[in-house]
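Engineer: coordinates only, no sequence provided:
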Ligand code: ASP
C-alpha cells in the first residue's frame, strides 16, 4: 500500500494485517524507552489545516516511537494565512523531502491531489466530511481487542451521520470485518445515500438495546451552515445516549471530542462500558502500523520485520 487515502484502499486482510501489526507495537509503549528504530532516518510531515487533538498527537507520537523525524505544520501561523495554496504549500514542504505526508483538511478529496505534487506517501487524517480511514482502523482494532472479532457484531452509529467522516469510513471497515451496521439519528442528519450503504436506517433510538456496540457521533457544528435540529436540548432529549438508554452489556464508543450533555451524558462517558480512552490509546499503535505499512511498501525487498528496541 503506497498511500492510505480511503478505507476502501484496504480489504479485510489488509485491515487485519494492520491490526495485527498494531498489536505487535503495543509492547513499545510499555518500555522505559518507548522507541524502536523501524523508521529511523525517515521524515514524517504532519500537515494539518483543521484542528485536531487526538489524531495529530497520536500521529506525532507514532512517528517518534518508530524513530522517524517529524515536522508538524499547522495552517494557522503559516503562509497559508498569506494566501498560499495547498499546491504551493505541498510543493514547498516537499522540498524538505518528506517520506510521508499526513494530511487533515476541510476539503473532501484534498488528500487525493497530493500525489501529483510529491513523491511522499500520503495518509488521509480526515478530509472534510468525506473520510477518516485511520479512525476506522483504530475503531476496528479497539473492538477486536475487546471482542476477539467483529463477525456478527451489531453496531449502531448514532447522531450526526450527515457530516461525519468517521461514520463514512467506519461503516465500510465494520462491514468488511463482518459486523452489521445500523445508522440512527434525525432524518435531517442522515445522508441521502444512507440506505445504499448496506446499513439499516432508524430515525429513533427505539431498539437501541439490540446493539452490541453503540457508536455515538459528535454534532459537527463547524460543518453546519443551517439549523439541522430545532435546538440542542431537543436533540438531546430524543437522541442522547445516556444511562437510561444504554444497556449494561453494551459497549460505548465515540471518536472524540465529546460534547458532554449533548450526544452523550457525562455518566456514560465515564462508565466502564465506555471504550473512548481505549480508542485514543489504540490511535498510537494503529498509526504506527499505518506509517510502517506505507513506508515498508515503498522499500519493498527491504521489509522491516519485528520491532526491535532502539
Ligand atoms: N475527531 C473526529 C474527526 O476529526 C470526530 C469529530 O471531530 O467529531 O472527524
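Structural biologist: Happy to help now that I have it. Just so we're clear, the structure is a prediction, and the values are computed from it rather than from any experiment. Residues are numbered from 1 along each chain as shown.
Engineer: by contact count, what packs against the stretch of helix or strand residue 290 belongs to?
Structural biologist: Using DSSP states H and E, residue 290 falls within helix 276-298. Packing partners of helix 276-298 (3 or more CB pairs under 8 Å, 6 or more residues apart in numbering; DSSP states H and E): helix 12-30, helix 54-65, strand 100-105, strand 121-127, helix 133-147, strand 251-253. (Glycine included, C-beta is placed from N, CA and C.)
Engineer: and the next element down the chain from the longest one?
Structural biologist: Spelled out, it's helix 12-30. Heading C-terminal from helix 12-30 (DSSP H and E), you reach strand 43-48.
Engineer: before we move on, back to that, could you list the buried residues of the helix holding residue 290?
Structural biologist: 276, 278-296, 298 (16 or more other CB atoms under 10 Å).
Engineer: can you name the residues that contact the residue of the chain found nearest the ligand?
Structural biologist: Relative to the ligand, the nearest point of the chain is residue 218 (3.5 Å; CB to the nearest ligand atom). With contact set as CB atoms under 8 Å, 6 or more residues apart in numbering, residue 218 has these partners: 159-160, 164, 254-259, 262-263.
Engineer: and the ligand, which of these reach it?
Structural biologist: 255-256 (CB under 6 Å from any ligand atom).
Engineer: buried sites along stretch 9-16?
Structural biologist: 10, 14-16.
Engineer: residues in the stretch 151-300 of the chain within reach of the ligand, list them.
Structural biologist: Counting by CB under 6 Å from any ligand atom, the stretch 151-300 of the chain sits next to the ligand at 165-166, 218, 220, 255-256.
Engineer: let's go with 5 Å and repeat that
Structural biologist: The stretch 151-300 of the chain has residues 166, 218, 255 near the ligand, with proximity defined as CB under 5 Å from any ligand atom.
Engineer: ramachandran angles for the spatially closest residue to the last one that is not a sequence neighbour?
Structural biologist: This points to residue 255. In space, and not counting its chain neighbours, residue 255 is closest to residue 166: 4.6 Å by CB to CB, 6 or more residues apart in numbering. Dihedral pair for residue 166: phi -60, psi -50, per degrees, to the nearest 10.
Engineer: quick one: residues contacting residue 166.
Structural biologist: Per CB under 8 Å, 6+ apart, neighbours of residue 166: 132, 135-136, 217, 255.
Engineer: and the two most separated of those residues?
Structural biologist: 136 and 217 (13.1 Å; CB to CB).
Engineer: compare these two (neighbour count), which wins?
Structural biologist: residue 136 (28 against 25; other CB atoms under 10 Å).
Engineer: rewinding a little: next step: the contacts of residue 218 restricted to helices.
Structural biologist: The helices, defined by DSSP state H, take in nothing from these.
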